[in-house]
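A.B. asks: Please work out how this folds:
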Amino acid sequence: MSSISSSDTIKKEIYIECRPETLFSFFTDPEKLVRWMGRYVLLDPSIGGKYRIDVNGSDIAMGEYKEIVPNEKIVMSWGWEKSQIVPPGSSTVEFKLTPQGNGTLLVLTHYDLPVTEVASHVQGWTHYMSRLQSVAQGQDPGVDPWSEQTMH
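C.D. replies: Numbering: from 1, shown residues only. Down below sits the predicted model:
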């Protein structure tokens with residue numbers, strides 16, 4: 001078995017005080033998704049349906065929905081519109097929603113990222129998961145400061 005890996009996986013967990021069906025809508029309803037990520041969002045939340053998340057006018061995440069289990073799991077291909085390193089569809093993001101107590105445990109797993117891109121994606125998902133937590137719990141995280149700056 002080779003120990004040299006050209007790709008890596010990120011795994012993050014966060015507890016959110018809302019029901020899984022409430023949280024699920026923040027991945028499938030463009031008006032809700034844009035409250036925690038991006039400036040402009042286009043979604044077709046169906047298997048094979050495409051999405052486009054314009055983060056700041058130049059960084060645009062694109063891919064398609066691979067698997068949708070209502071209120072339990074969403075799997076999407078992931079990449080950046082103009083990126084040679086992480087082009088659209090080159091990696092996969094899985095969101096698992098597990099009921100826990102009065103809320104939901106959200107587990108994000110981002111597969112097949114180039115090792116050089118792991119740190120920036122960890123930073124990105126940390127930022128966006130905390131915004132998602134606020135929004136899903138009924139708070140207003142305000143305008144995303146990242147929507148005003150270029151990341152790549």
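
A.B. asks: switch to C-alpha atoms for all contacts and neighbour counts from now on
C.D. replies: Will do.

A.B. asks: wait, V122 sits on E13?
C.D. replies: No: V122 is beyond contact range of E13, at 11.8 Å (criterion: Cα atoms under 8 Å).

A.B. asks: which residues are common contacts for the two?
C.D. replies: Applying Cα atoms under 8 Å, 6 or more residues apart in numbering, one finds that no residue jointly contacts V122 and E13.

A.B. asks: can you map out the strands along the protein?
C.D. replies: 7-16, 40-43, 50-54, 60-69, 73-80, 91-100, 103-114 (DSSP state E).

A.B. asks: Just say which of the ones you listed is most tucked in.
C.D. replies: strand 73-80 (a mean of 23; mean count of other Cα atoms under 10 Å).

A.B. asks: which residues touch that one?
C.D. replies: By Cα under 8 Å, 6+ apart, strand 73-80 touches 27, 59-68, 86-97.

A.B. asks: which residues touch G103?
C.D. replies: Y15, I16, E17, C18, R19, P20.

A.B. asks: what's the longest helix in the chain?
C.D. replies: Ranked by residue count and defined by DSSP state H, the top helix of the chain is helix 118-136.

A.B. asks: Buried ones in that helix, by neighbour count?
C.D. replies: V118, V122, W125, Y128, M129, S130, R131, L132, Q133, S134, V135, A136 (16 or more other Cα atoms under 10 Å).

A.B. asks: so which of the strands of the chain gets nearest E31?
C.D. replies: Closest approach to E31 among the strands of the chain (Cα to Cα): strand 40-43, 7.9 Å.
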